[in-house]
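Peer 1: Show me how the following folds:
(one chain, ligands or ions: 1)
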Amino acid sequence: MKQFIIVNRLDDLDAGSKELVLKAKEALAHAYAPYSNFMVGAAALLDDGSVITGMNQENAAYPSGLCAERVALFSAYALYPHVKILKVAVTAQKRNEHELTPATCCGECRQVLLEFENRQQSPIEIVMQSQDHRWVKAPSASSLLPFAFSNASL
Ligand code: THU
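Peer 2: Next up is the predicted model:
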């Protein structure tokens with residue numbers, strides 16, 4: 001089974017992952033987060049080399065908003081329904097701060113990532129910054145969701 005990679009600095013990640021993190025960071029500039037002031041950017045690398053980004057989209061009716069990861073995933077599928085997703089990077093920044101702040105995918109995004117993974121029948125790597133400020137590369141959505149509920153359960 002593939003392992004989690006955990007490094008202290010972004011520069012210690014492999015070049016492709018670092019590049020995707022930087023794309024996710026660019027995307028968070030366009031986050032619509034007037035309620036939480038917590039800006040999240042996500043970037044999905046596709047099998048044909050394209051990169052599709054997303055950012056959180058909040059709403060005055062709070063639950064109507066959507067996380068950056070799901071904006072990126074659903075956009076990727078809408079634009080390229082036949083292309084597999086290889087890797088997703090997530091970044092966050094608090095408004096009025098300059099440095100990135102740690103953010104790991106929420107449970108609902110992990111569940112959606114798992115659905116994509118099962119549908120395309122290949123793993124999606126996930127790169128994100130953990131609370132201790134280290135960078136984590138998870139080998140798959142399923143590695144982030146032990147005992148998951150999935151299509152196999154139905
Ligand atoms: N958020 C994301 O976009 N992705 C995550 O994985 C965690 C949370 C967003 C949702 C909301 O707009 C804001 O961050 C604060 O929760």
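Peer 1: Show me where the chain has its strands.
Peer 2: 5-7, 38-46, 51-55, 85-94, 125-129, 135-138 (DSSP state E).
Peer 1: which of those strands sits most buried?
Peer 2: strand 38-46 (a mean of 25; mean count of other CB atoms under 10 Å). C-beta coordinates here come from the backbone N, C-alpha and C atoms, glycine included.
Peer 1: out of the strands of the chain, nearest to the ligand?
Peer 2: strand 38-46 (3.4 Å; CB to the nearest ligand atom).
Peer 1: what does stretch 142-154 contact?
Peer 2: 2, 4, 105, 110-111, 113-115, 117-118, 123, 126, 138 (CB atoms under 8 Å, 6 or more residues apart in numbering).
Peer 1: Dump those residues into JSON lines; add distance to E69 and pLDDT as well.
Peer 2: Putting the contacts of stretch 142-154 into JSON lines (distance: CB to CB, whole Å; pLDDT from 0 to 100) gives the following:
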{"residue": "K2", "distance to E69": "20", "pLDDT": "85"}
{"residue": "F4", "distance to E69": "18", "pLDDT": "98"}
{"residue": "C105", "distance to E69": "6", "pLDDT": "98"}
{"residue": "R110", "distance to E69": "9", "pLDDT": "98"}
{"residue": "Q111", "distance to E69": "11", "pLDDT": "98"}
{"residue": "L113", "distance to E69": "7", "pLDDT": "98"}
{"residue": "L114", "distance to E69": "12", "pLDDT": "98"}
{"residue": "E115", "distance to E69": "12", "pLDDT": "98"}
{"residue": "E117", "distance to E69": "13", "pLDDT": "98"}
{"residue": "N118", "distance to E69": "16", "pLDDT": "97"}
{"residue": "P123", "distance to E69": "16", "pLDDT": "98"}
{"residue": "I126", "distance to E69": "9", "pLDDT": "98"}
{"residue": "A138", "distance to E69": "13", "pLDDT": "98"}
